[in-house]
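Engineer: Need the 3D shape of this:
(chains A and B)
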Amino acid sequence: MSNVPADLKYASSHEWVRVSGDTATVGITDHAQAELTDIVFVELPAVGRKLAASEACAVVESVKTASDIYSPVSGEITEVNQAIVDNPALVNQSSFEDGWFFKLKLANPGDLEKLLTPDAYKAQIGG
Amino acid sequence: MSAELKRTPLFATHQSLNGRLIEFGGWEMPVQYTSIMGEHQTVRSAAGLFDICHMGEVFISGAGARDFLNWLLTNDVNKLVVGQGQYTQMCQEDGGTVDDLYLYRLTDKEYLLIINASRIEADVAWMETQLAAFPQRHLITFENRSDKYGAIALQGPKAVEFINEVFPGGSHAGTHVHRLTDLHKNQIATFNLKGTGSLCWVARTGYTGEDGFEIVTTASNILEVWDALMEAGKAHGLKPAGLGARDTLRTEVCYPLYGHELDEKTSPIEAGLGFFVSFEKGPFIGHDSLLAQKTNGPQKRCVAFKMTDKCAPPRPGYTVWNGETQVGQVVSGTLSPSLSAGIGLAYVKPELAKKDTVIHIDIRGKKYAAQVVAKPIYRKAV
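Structural biologist: The predicted structure is shown next:
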């Protein structure tokens, strides 16, 4: 059974968002990392890149497949997590904490309203 | 999952082991149980058990069997003594490959062909056509028993520590041995499963680059063989392993996978498998085309490569570049769990096939450096 922390917002494409002031931290869910299995490579967006909501902006690769990661919200990238580039397995080990992907300055806080609640995301992944 | 996918006798076992199921060659098969990386390392360091019931079993026997197989296949069947197997190809007249397979001589006039799951129909049609035109056809019995037989691969350095417990006693047919682990590489023999006494063919062969065994028996025996091996192997670190690890393991040791390194447009000479083509044994289908390729040099060559840039793993279908010129295509690629580097096999122009040649792989629009390396890419330290 996947862990779905109650204090986060979720995208149906399996990213999570943690909001602090006007900064959003984005990562992929425990369910997503389990589905992807051993993550062996991560590519992150450049700091300063402006993203639209649902824009493909990162890539994770497992042994078998490459998957795009989408920004759940619009905004400008302020920081990326180099630690997961150096050690992609961090995403498998700690998807909600050490395995975060990037932070962005929210362009439109209204984007958050369109995201899934923990319960709605739980329902989507069937558990 | 499509209802038309075929299932092996171990399907319920895969489900109870939480195997992640995918489509492979028309079959619903486990790609992994826990993790591809973990299962890969288990096979390299201990032992893994693979369901390979999807593969096909064809029996060809009779007084004309040997001559027919020598006509049908590229390797020299005369070299096989009873109880021995060889890797070989089945080619078209133009040298393109119908399939690659393992041929075992079970008894004096009986042979077993283990063929690829995705090629069973094509192979059987091809073999029946060739047989119908073969002069000694009345001296040959051809039976496709793919639906009635199954197979399990036990692979890894610890396999020898417990397989004798599962098949106690000496062999009956094939190579004569007093205990199973006395079989040498490529030898095959029948043994009785402990308890039930079910008769199984066991060969010291595999597709991982590790020591190991492949067990072929009727489909109704497969589950008890699997369970007996799992039970005996538990204390030795045996774990079930899926097709994902099977693919990374075989890629590290550069074993071809039909549909990747080989297909109807690609010959064993181009694939670097000329060792398994015998021009001395007499005529066989594809002889002239293959000899011309060998003499004149093929138009493309299958090379092994290792990424030297830090990048995402190479994948089948990615293009290979020399400067601004596209010079080939990746046919197999993955992150090597043993080497922690991107590795693969690619077809390139012959002039780029030399070891240490620098090539570039286009990975999602960016070109990354790789180096042509000797095969196998991974060699076990001994």
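
Engineer: going forward, measure contacts between C-alpha atoms and count neighbours the same way
Structural biologist: Will do.

Engineer: can you pull up the bridge partners for the residue of chain A found nearest chain B?
Structural biologist: Distances between chain A and chain B by Cα to the nearest Cα are smallest at A:F41, namely 5.6 Å. Beta-bridge pairing for A:F41 (DSSP bridges): A:E61.

Engineer: tell me the domain ranges of chain B?
Structural biologist: B:11-54+B:148-250, B:56-131, B:300-382 (automatic domain parsing).

Engineer: mind checking the end-to-end distance for the first one?
Structural biologist: In this case it means domain B:11-54+B:148-250. Counting by Cα to Cα, to the nearest Å, you get 23 Å between the two ends of domain B:11-54+B:148-250.

Engineer: Do it and chain A come into contact?
Structural biologist: Yes - Domain B:11-54+B:148-250 is in contact with chain A by Cα under 8 Å from any Cα of the partner chain, via B:35-37, B:244.

Engineer: related to what we said a few turns ago, need the domains of chain B in a markdown table with mean pLDDT and distance to A:Y10, can you?
Structural biologist: Formatted as a markdown table, the domains of chain B follow (pLDDT from 0 to 100; distance: least, Cα to Cα, whole Å):
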| stretch | mean pLDDT | distance to A:Y10 |
| --- | --- | --- |
| domain B:11-54+B:148-250 | 97 | 25 |
| domain B:56-131 | 98 | 40 |
| domain B:300-382 | 95 | 27 |
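
Engineer: if we can go back for a sec, if you rank the residues of domain B:11-54+B:148-250 next to chain A by neighbours, which is first?
Structural biologist: Counting neighbours by other Cα atoms under 10 Å in any protein chain shown, B:I36 leads these with 26 neighbours.

Engineer: Quick check, that residue in contact with A:V40.
Structural biologist: No - judged on Cα atoms under 8 Å, B:I36 makes no contact with A:V40 at a distance of 11.3 Å.

Engineer: tell me the SS of B:A12?
Structural biologist: Of the three states, B:A12 takes helix according to DSSP: H, G, I helix; E, B strand; the rest coil.

Engineer: and it, how many neighbours does it have?
Structural biologist: As a burial measure, B:A12 scores 13 neighbours (other Cα under 10 Å).

Engineer: repeat for the one 5 residues further on
Structural biologist: The local packing of B:L17 (other Cα under 10 Å) involves 14 other residues.

Engineer: so where's chain A uncertain?
Structural biologist: Within chain A, the segments meeting pLDDT under 70 span A:1, A:127.

Engineer: Tell me which residues touch the closest residue to A:D68 other than its chain neighbours, please.
Structural biologist: Sequence neighbours aside, A:V59 is the residue nearest to A:D68 in space, at 4.6 Å (criterion: Cα to Cα, 6 or more residues apart in numbering or on different chains). The neighbours of A:V59, taking Cα atoms under 8 Å, 6 or more residues apart in numbering or on different chains as the test, are A:42-44, A:66-69.

Engineer: name the element A:V59 belongs to?
Structural biologist: A:V59 belongs to strand A:56-62 when assigned by DSSP states H and E.

Engineer: residues in contact with B:Q86?
Structural biologist: B:75, B:80, B:102-104, B:186.

Engineer: Any chance you could list what contacts stretch B:324-332?
Structural biologist: Contacting residues not belonging to stretch B:324-332 are listed as B:251, B:260-261, B:314-321, B:344-349 [Cα under 8 Å, 6+ apart].

Engineer: could you redo the last one with a cut-off of 6 Å?
Structural biologist: With Cα atoms under 6 Å, 6 or more residues apart in numbering or on different chains as the contact definition, stretch B:324-332 has outside contacts at B:260, B:316-321, B:344-348.

Engineer: Just flag the most distant two among the residues you listed.
Structural biologist: Greatest spatial distance among these (Cα to Cα): B:H260 and B:W321, at 18.9 Å.

Engineer: between those two, who's got more neighbours?
Structural biologist: Neighbour tally, B:H260 and B:W321, criterion other Cα under 10 Å: the higher count belongs to B:W321, 20 against 15.

Engineer: what about the residue of chain A closest to chain B, distance to B:G242?
Structural biologist: Distance, A:F41 to B:G242, by Cα to Cα: 22 Å.

Engineer: Tell me which of these two has more neighbours.
Structural biologist: B:G242 (27 against 22).
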